[in-house]
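[1] attaching a predicted model along with its sequence, questions to come.
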Amino acid sequence: MTDTARTILITGVSSGLGRAFATAALDVGHTVVGTVRKEADAAGFTALHAERAHVRILDVTDDAEVRAAVDEVEQSVGPIDVLIANAGYGLEGTFEETPLADLRAQFDVNVFGAAATVQAVLPHMRARRRGHVLAVTSMGGLAGFPGVSAYCGSKYALEGILEAVGKEVAPFNIHVTAIEPGSFRTDWAGRSMIRTPRTIPDYDDLFEPIRAARRRAGGRQLGDPARAAAAVLYILDTPNPPAHLVLGSDALRLIRAGRDAVDHDLNTWEDLARSTDFPLEEEADDPPRSSTRRPPGSHVPGRSLNS
């Protein structure tokens, strides 16, 4: 049992990591309010614990409903100490084949649904000068992968929001953590994924092996949801929790490879990046001098630039 019992709000607890987080939290003595989209999933969640498992039917894309639900939980269950914004789904397909309506729907849930939930809890946490906001992004929020461009885009967007919000609310003793899982044995690639129909044969050689491999991997992923939940609960008890919590050895490997690629571009094109500054003046009272730098194209890799 935990030494400090908390009230934890978790969105999307019907299955997957959300269910694992909720089950582990209940097991150690926390009170959990879990949200589901369907009435049929509600009874199964409250059956996890007679007194400390509370469920709410919630559509995270309805901003007013999200705020009302959070305010109601604060009044009827208790102050929300921890938010885990987990609700989301995957959208598989090449970018060119993905309808923009599907892209917008992906962002509505994965970005704006999480954002609405975070906005709803912050006034309460700020008033109390304490709290911990966590949101599940993905290793695809720190490294892009072909075939899930819309999903990666939504997770990159959420990563940016969380990083900035964390800096805004730090003075109020509110911690913000992005959870970046790799591949776990959940329904993410099953019922939690929408697959865009194939329409462009030019992408067959690239994408068909990716889609087939993802289907074959179902049920054999490296990640254990229960161990992921234990890791999340662990950081709740640390005085300085991370802004980024990467879960899974595959996520570590792929995120590091993505970061290395960014570092390579930064290093390779550093001179070109610096060449876009106004020329520096050695003395404030000296007349402006012409830059002694050579034209960008003459001292960096790549072709010369035309203005």
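    Great, that's in hand.

[2] residue 114 reaches residue 87, doesn't it?
    Yes. Contact between residue 114 and residue 87 holds when scored by C-beta atoms under 8 Å: they sit 7.3 Å apart. Where C-beta positions appear, they are placed from N, C-alpha and C, glycine not excepted.

[3] and for those two, which residues touch both?
    Common neighbours of residue 114 and residue 87, using C-beta atoms under 8 Å, 6 or more residues apart in numbering, are 11, 60.

[4] so the two - more neighbours on which side?
    residue 114 (29 against 25; other C-beta atoms under 10 Å).

[5] so that one is in which element?
    Using DSSP states H and E, residue 114 falls within helix 114-128.

[6] what do you get for residue 66?
    Going by DSSP H and E, residue 66 is in helix 63-76.

[7] name the helices or strands packed onto that helix?
    Packing partners of helix 63-76 (3 or more C-beta pairs under 8 Å, 6 or more residues apart in numbering; DSSP states H and E): strand 7-11, strand 53-57, helix 114-128.

[8] name the helices or strands packed onto the helix holding residue 114?
    Packed against helix 114-128, as judged by 3+ C-beta pairs under 8 Å, 6+ apart, are the following elements: strand 7-11, helix 63-76, strand 82-85, strand 131-136, helix 149-169, strand 174-181.

[9] dump those into JSON lines; add mean neighbour count and mean pLDDT as well.
    As requested, these are exported to JSON lines (neighbours: other C-beta atoms under 10 Å; pLDDT from 0 to 100):
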{"stretch": "strand 7-11", "mean neighbour count": "24", "mean pLDDT": "98"}
{"stretch": "helix 63-76", "mean neighbour count": "16", "mean pLDDT": "98"}
{"stretch": "strand 82-85", "mean neighbour count": "27", "mean pLDDT": "98"}
{"stretch": "strand 131-136", "mean neighbour count": "25", "mean pLDDT": "98"}
{"stretch": "helix 149-169", "mean neighbour count": "20", "mean pLDDT": "98"}
{"stretch": "strand 174-181", "mean neighbour count": "24", "mean pLDDT": "98"}
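
[10] just to revisit the earlier point, and the helix holding residue 114 with helix 63-76, angle?
    With axes from the mean of the first three to the mean of the last three C-alpha atoms, to 10 degrees applied, the angle from helix 114-128 to helix 63-76 works out at 40 degrees.

[11] give me the buried positions along helix 114-128.
    Applying a neighbour-count criterion of 16 or more other C-beta atoms under 10 Å, one finds 114-118, 120-122, 124-126 buried in helix 114-128.

[12] and residue 145, how many neighbours?
    Per other C-beta under 10 Å, the neighbour tally for residue 145 reads 14.

[13] mind checking how far it is from residue 129?
    As judged by C-beta to C-beta, to the nearest Å, residue 145 and residue 129 stand 40 Å apart.

[14] and this protein, what are its domains?
    Here the domain parsing of the chain from automatic domain parsing is 7-266, 269-307.

[15] which stretch in those domains has the least confidence?
    With a mean of 62, domain 269-307 has the lowest mean pLDDT of those.

[16] next up, the contacts around the closest residue in space to residue 140 that isn't next to it in sequence.
    In space, and not counting its chain neighbours, residue 140 is closest to residue 152: 4.2 Å by C-beta to C-beta, 6 or more residues apart in numbering. Contact analysis of residue 152 by C-beta under 8 Å, 6+ apart lists 138, 140-141, 143-145.

[17] which of these are buried?
    In these, burial by neighbour count holds for 138, 140-141, 143, counting by 16+ other C-beta under 10 Å.

[18] closest to residue 195 out of these?
    residue 140 (15.9 Å; C-beta to C-beta).

[19] part of a helix, is the closest one?
    Yes. Applying DSSP: H, G, I helix; E, B strand; the rest coil, one finds residue 140 inside a helix.

[20] gap between it and residue 106?
    From residue 140 over to residue 106 the distance is 12 Å, taken as C-beta to C-beta.

[21] do residue 135 as well
    Relative to residue 106, and taking C-beta to C-beta, residue 135 is found at 15 Å.

[22] having no further points to raise, I will conclude here.
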